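Undergrad: What follows is a predicted structure for the sequence shown.
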Amino acid sequence: MINETDYDLNFAARPKATLMGSEKEPLIVIDEAFLHPERLVQYATTEARFGPGGVAYPGVRAAVPQALNVALFYALQPLAQHVFGVSDDDEMSMTTSFAMVSYPPEKLMLAQALPHYDSTPDKNLAVVVYLCDSSWGGTRFYRHRSTGFERISTDRAESYNRRLADELRMTPAISGYPDAAHPLFDVVQEVEARFNRLVLYRSRALHSGIIVPTKIHSEDPAAGRLTLTAFMEAATPAHPPGDHVKDLPK
């Protein structure tokens with residue numbers, strides 16, 4: 001069992017901001033993000049209950065304590081507002097989990113062998129905190145070659161998905177985790193994994209984990225590619241400004 005103070009973020013850490021590619025999507029990297037990251041690893045190793053990560057995720061996930069979800073949510077609010085345009089009138093929610101890529105390349109479905117986007121609304125954000133070292137690979141961001149899209153916003157999703165489906169019908173079989181030499185995508189940015197490094201970006205950015213093929217991807221948090229992942233969602237409230245009560249993260 002760990003205490004709520006073990007979830008404290010390091011407010012002395014300085015965010016580094018980058019604009020990615022030709023579409024200038026913001027990317028925030030914060031090193032030494034948590035004051036006690038080793039205690040998060042300890043919790044994941046001794047108390048978290050991992051299970052299937054969902055249809056799209058090639059590995060396992062485990063719930064985090066709600067206090068950790070809340071601490072991360074409020075720590076990221078200033079960046080969400082100042083960099084990504086989230087306002088005080090947006091209703092916010094966030095879900096956070098431990099996540100471990102564990103599927104061997106030959107087990108992947110086609111969608112898992114492609115760069116992807118998580119959701120299309122422009123205020124939805126994704127967070128990754130690496131709780132593993134740099135040997136496990138980081139995160140790579142892409143441009144879809146034929147459309148030039150680096151982000152899949154709501155107005156682009158239908159045409160992009162249709163174009164990608166057409167291309168896949170005419171492209172030799174694609175398998176394995178996405179790498180830097182993809183037949184349909186070009187790399188626009190890479191972030192190296194580093195223990196206790198936090199990465200924040202819009203969920204609409206085309207991206208993929210950098211998954212090292214020579215690694216044995218264990219489901220043991222003490223031995224595998226352990227990360228903390230979160231999705232922050234913002235929605236314009238139905239009630240008028242001034243009548244807003246901010247939701248706690250779910």
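TA: Cool, got the structure. The structure displayed is predicted, hence computed values, not measured ones. Numbering: from 1, shown residues only.

Undergrad: C-alpha from now on. contacts and neighbour counts both.
TA: Noted.

Undergrad: and residue 206, what does it touch?
TA: Counting by C-alpha atoms under 8 Å, 6 or more residues apart in numbering, residue 206 touches 115-117, 141-143, 150-152.

Undergrad: Also residue 137?
TA: Taking C-alpha under 8 Å, 6+ apart as the test, what residue 137 contacts is 192-193, 209-212.

Undergrad: What are the buried residues along stretch 126-136?
TA: 126-133, 136 (16 or more other C-alpha atoms under 10 Å).

Undergrad: Max pairwise distance over the contacts of residue 206: which two?
TA: 141 and 152 (12.3 Å; C-alpha to C-alpha).

Undergrad: need the helix or strand of this structure with the lowest average pLDDT.
TA: strand 226-235 (a mean of 93; mean pLDDT, DSSP states H and E).

Undergrad: which other helices and strands contact that strand?
TA: Packed against strand 226-235 by the contact rule (3 or more C-alpha pairs under 8 Å, 6 or more residues apart in numbering; DSSP states H and E) you find strand 91-101, strand 125-130.

Undergrad: Output the below-cut-off pLDDT ranges for this structure.
TA: The model of the chain has pLDDT under 70 over residues 1-4, 236-250.

Undergrad: where exactly do the helices run in it?
TA: Using DSSP state H, the helices assigned to the chain run over residues 37-46, 66-82, 157-170.

Undergrad: if I look at residue 27, how far off is residue 79?
TA: Distance from residue 27 to residue 79, counting by C-alpha to C-alpha, to the nearest Å: 11 Å.

Undergrad: Which of those two has more residues huddled nearby?
TA: residue 27 (20 against 15; other C-alpha atoms under 10 Å).

Undergrad: Would you mind confirming that that one makes contact with residue 200?
TA: Yes. The pair residue 27 and residue 200 qualifies as a contact (C-alpha atoms under 8 Å) at a distance of 6.0 Å.

Undergrad: so what's residue 29 up against?
TA: 15-17, 197-200.

Undergrad: ok so, going back, which one of the contacts of residue 137 sits in the busiest neighbourhood?
TA: With neighbours taken as other C-alpha under 10 Å, the top of these is residue 193, carrying 25 neighbours.

Undergrad: Backbone dihedrals for the residue nearest to that one when sequence neighbours are not counted, please?
TA: Leaving out its chain neighbours, the residue that sits closest to residue 193 by C-alpha to C-alpha, 6 or more residues apart in numbering is residue 138, at 4.1 Å. Main-chain torsions, residue 138, degrees, to the nearest 10: phi -110, psi -120.

Undergrad: thought residue 138 was touching residue 209?
TA: Yes. Residue 138 is within contact range of residue 209, at 5.9 Å (criterion: C-alpha under 8 Å).

Undergrad: Nearest residue to residue 106 in space, ignoring adjacent ones along the chain?
TA: residue 176 (6.2 Å).

Undergrad: Contact partners for the one you found?
TA: 105-106, 108, 113.

Undergrad: Return the distance of it relative to residue 112.
TA: For residue 176 relative to residue 112 (C-alpha to C-alpha), the value is 8 Å.

Undergrad: Ok, residue 50 next?
TA: Distance, residue 50 to residue 112, using C-alpha to C-alpha: 20 Å.

Undergrad: next one: residue 228
TA: Taken as C-alpha to C-alpha, the span from residue 228 to residue 112 is 19 Å.
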